[in-house]
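*Asks:* Next input, structure requested:
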Amino acid sequence: MRTPFFAVAGLVLGSLLLSAPATWAAAPKAQQATESGVYKLRVDPGVSMAEAAESMKLRANALNLQLVAELPMSKQVEAVTGKPQRTITIYQFCDAVLARDLIEVNMEFAIYMPCRVALIEDAKGQGWLVMMDVNVDAVAQEKRLPPALKARIEGVRKSLVEVMQAGAKGEL
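*Replies:* Residues are numbered from 1 along each chain as shown. Got it, this is the predicted structure:
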């Protein structure tokens, strides 16, 4: 029964936590890019995809975010096709208590979970970390979130950005 809850918790946080916080501005411009609805961070040269993944997991753990799912999409495609694939792995991080609190306010928050960060290798072999970029203020206002919950969401969002930044730099 825990697995569905964590999936739901991650979805709420994933959609609500990803508007651009001030900490993104601190990342080097050569490594970050934003597009409509997407936040994208380039993995630094010299940092392998495995190092980026391990760094994200370690940082998430240090920030009390649980890794509730890891979806090795490229390995699954390779198993089906028999052909080597570029890396595509989706990680789902979650603050289960906050997710539960959001669902208690409005069960519709369940459709926004989980907090997803994708590690993707592009056609040139460059690694990228990608997640949704949703306007938290607009969603919080529409769903009439109490200010205390909005503040907690912003704290988790900052943690997710820190997880991505650690992964991009290969920091432990």
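*Asks:* elements contacting the helix ranked longest in the chain?
*Replies:* In the chain, with assignment by DSSP state H, the single longest helix is helix 147-169. Counting contacts by 3 or more CB pairs under 8 Å, 6 or more residues apart in numbering; DSSP states H and E, helix 147-169 is packed against helix 2-16, helix 22-25, strand 38-42, helix 49-62, helix 96-105, strand 115-121, strand 127-132, helix 136-142. All C-beta atoms are positioned from the backbone trio N, CA, C, and that covers glycine.
*Asks:* let's go with 7 Å and repeat that
*Replies:* If you count contacts as 3 or more CB pairs under 7 Å, 6 or more residues apart in numbering; DSSP states H and E, helix 147-169 packs onto helix 22-25, strand 38-42, helix 49-62, helix 96-105, strand 115-121, strand 127-132, helix 136-142.
*Asks:* Save the ones you listed as a markdown table, and put in mean pLDDT and mean neighbour count too.
*Replies:* Below are these laid out as a markdown table (pLDDT from 0 to 100; neighbours: other CB atoms under 10 Å):
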| stretch | mean pLDDT | mean neighbour count |
| --- | --- | --- |
| helix 22-25 | 38 | 12 |
| strand 38-42 | 90 | 19 |
| helix 49-62 | 97 | 19 |
| helix 96-105 | 89 | 18 |
| strand 115-121 | 94 | 23 |
| strand 127-132 | 94 | 21 |
| helix 136-142 | 72 | 15 |
